[in-house]
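Chemist: got a structure for you, letters missing:
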């Protein structure tokens, strides 16, 4: 028997089976909604995109009484009057739910009640989770829970999601969820009601700021904010490199060397050591040794590159990104960078995928989903593909170009930075569409629970493995077949006049440019035996960095931008790479 106030689930599937009751977690961004979700569902979660969009959400299962229910972490929204795609999706998902858990930041009651009152106007049972309850006392805020519950007409449960406080009571309150059916009111009337409720239930007493609050303020001031951002970004970059390289050196390289190499050599002997099938599957294996970077086989380079070269940096980037997100620093960095990024047709949040690109362009392109308009996603993805070198490419630039002197490395990075800025200005004026203003809630600094950070890391890594790896392997297979039948030799002969005339590089460099579509770092390594001058090496490195992205990034571009968007981005890459390369050739 259903409890009073809760809709009985009558939705039926084919075959007569009932759908699970849907419990929607709704609230403003940065109110701890995802942490509440993690507490309710544990590890039984699935990350998805809303049909027809790039807006992501997470759903999982929990037990309510004796029945299982589906919990959906709805994209954060400030109200039910959508101003962006994520808020439109949140409104659509509201129509599919049976119960709403409205998660509120207890330290910012007035701002959060706007969504709460709009939800109360809908005919759907609701419970309010008054989250971050531990910070209320720290900030000198006193809230009358009983009076707030009377005024809202629904259960109000204080919670501290990071520690699990109140989560049991929240689950037990779900059967008591109520739908007060408040009559719709105007925008002005709603804010007047919010003011009246806040005045009746909340009192704020004076207290001195804590050191964390002083750090919060310093993080968004122009002078101190830039210093803090520089320290954080340098520390982040060093930490990511350390974690990624440690995973490669101490975990993945030994796995390939001691466990996978014997399998590859066995297959090589089985296939006779040569032949088209051998070259496609295993590549070039000389003297019984496997060079996983240069062999170009599907089961050698095809597995080593995504798993041993890309995945470690994805793990390290997403780990650090999750920490910065949950600590509360990223919204402050976005606000600090907003003015600069708007000059490039983006808003402050675009700095996040840009930073990701310094590790690997694949998760960086995927991260452009956080941007609200198609115009922003196109500009950000194009700039990342052209002017943001991945970690593997950077390692080769430092290793090869750095031998000629640090000034030549500075030339490569300086050129890419200038291109990033200038091309951003141009795209901002040329690409049609809009760039919305940055309207985000800035949460207080908090120490996140490791359980939540690691769960978010697993979801993101699993998403990469699920989405990108099968496509990458398929694309590598196609590239290897083309390479085996001599397709790249034809391309090399056809493009030689441009390479030698415009870029001032020897004809042999054409092969490196063609291989760059498969692996940028390997392509730069192929420039080493060509006896290039320092100027030619700078030109070759810059052109390779800006030319077609590696095949993994190219596939993700196709997935995120669509065929038309990908072709436009590719055309921009060709024009800019050849123009900048030709200009550098004249200068150097």
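Modeler: Ah, there it is. Here the structure is a predicted model, which is why all the values come from computation and not from measurement.

Chemist: Could you tell me which ranges of the stretch 1-150 of the chain sit under the pLDDT cut-off?
Modeler: Where the stretch 1-150 of the chain drops to pLDDT under 70, the residues are 1-19, 42-56.

Chemist: same thing but at 90, please
Modeler: For the stretch 1-150 of the chain, the stretches flagged by pLDDT under 90 are 1-21, 29-69, 74-93, 95-96, 111, 122-123, 132-141.

Chemist: ranges for the strands of it?
Modeler: Along the stretch 1-150 of the chain, counting by DSSP state E, counting those that start in this stretch, strands occupy 21-26, 45-49, 56-64, 67-73, 99-105, 126-131, 141-143.

Chemist: Just put those in a markdown table and tack on distance to residue 560.
Modeler: C-beta coordinates here come from the backbone N, C-alpha and C atoms, glycine included. Putting the strands of the stretch 1-150 of the chain into a markdown table (distance: least, C-beta to C-beta, whole Å) gives the following:
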| stretch | distance to residue 560 |
| --- | --- |
| strand 21-26 | 26 |
| strand 45-49 | 11 |
| strand 56-64 | 12 |
| strand 67-73 | 22 |
| strand 99-105 | 29 |
| strand 126-131 | 33 |
| strand 141-143 | 42 |
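
Chemist: any chance of those strands in TSV, with distance to residue 301 and mean neighbour count too?
Modeler: Converted to TSV, the strands of the stretch 1-150 of the chain look like this (distance: least, C-beta to C-beta, whole Å; neighbours: other C-beta atoms under 10 Å):
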stretch	distance to residue 301	mean neighbour count
strand 21-26	43	22
strand 45-49	29	15
strand 56-64	31	17
strand 67-73	38	18
strand 99-105	46	26
strand 126-131	48	26
strand 141-143	58	16
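
Chemist: Ok, which of the ones you listed comes nearest residue 80?
Modeler: Minimum separation from residue 80 across the strands of the stretch 1-150 of the chain (C-beta to C-beta) falls at strand 21-26, 9.5 Å.

Chemist: just checking, what packs against that closest one?
Modeler: Applying 3 or more C-beta pairs under 8 Å, 6 or more residues apart in numbering; DSSP states H and E, one finds that strand 21-26 contacts helix 33-41, strand 56-64, strand 67-73, helix 85-94, strand 99-105.

Chemist: Between these, which one is closest to residue 512.
Modeler: Closest to residue 512 of the helices and strands packed on strand 21-26 is strand 56-64 (C-beta to C-beta; 37.3 Å).

Chemist: Residue 447: how many residues sit nearby?
Modeler: 11 (other C-beta atoms under 10 Å).

Chemist: who touches it in this structure?
Modeler: Listed by C-beta atoms under 8 Å, 6 or more residues apart in numbering, the contact partners of residue 447 are 162, 327.

Chemist: got it, and residue 199?
Modeler: Neighbouring residues of residue 199 by C-beta under 8 Å, 6+ apart: there are none.

Chemist: how about it, phi and psi?
Modeler: Dihedral pair for residue 199: phi -60, psi -30, per degrees, to the nearest 10.

Chemist: where exactly do the helices run in the stretch 451-588 of the chain?
Modeler: Counting by DSSP state H, counting those that start in this stretch, the stretch 451-588 of the chain has these helices, from start to end: 487-497, 509-515, 520-525, 534-546, 551-587.

Chemist: With residue 340 as the reference, measure out to residue 547.
Modeler: Relative to residue 340, residue 547 is positioned 27 Å away (C-beta to C-beta, to the nearest Å).

Chemist: Could you do residue 192 as well?
Modeler: Going from residue 192 to residue 340 by C-beta to C-beta gives 38 Å.

Chemist: do the same with residue 73
Modeler: 31 Å.

Chemist: For residue 24, see how far away the closest residue in space to residue 90 that isn't next to it in sequence is.
Modeler: Once flanking residues are discounted, residue 90 sits nearest to residue 77: 4.1 Å by C-beta to C-beta, 6 or more residues apart in numbering. Residue 77 sits 11 Å away from residue 24, going by C-beta to C-beta.

Chemist: and what of residue 258?
Modeler: To residue 24, residue 258 is 49 Å away according to C-beta to C-beta.

Chemist: now residue 407
Modeler: From residue 407 to residue 24 the distance is 57 Å (C-beta to C-beta).

Chemist: go on, residue 457?
Modeler: 25 Å.

Chemist: Relative to residue 273, how far out is the residue nearest in space to the middle of the chain?
Modeler: With distances taken as C-alpha atoms, centre = their mean, residue 367 lies nearest the centre of the chain, 3.0 Å away. For residue 367, the distance to residue 273 equals 43 Å [C-beta to C-beta].
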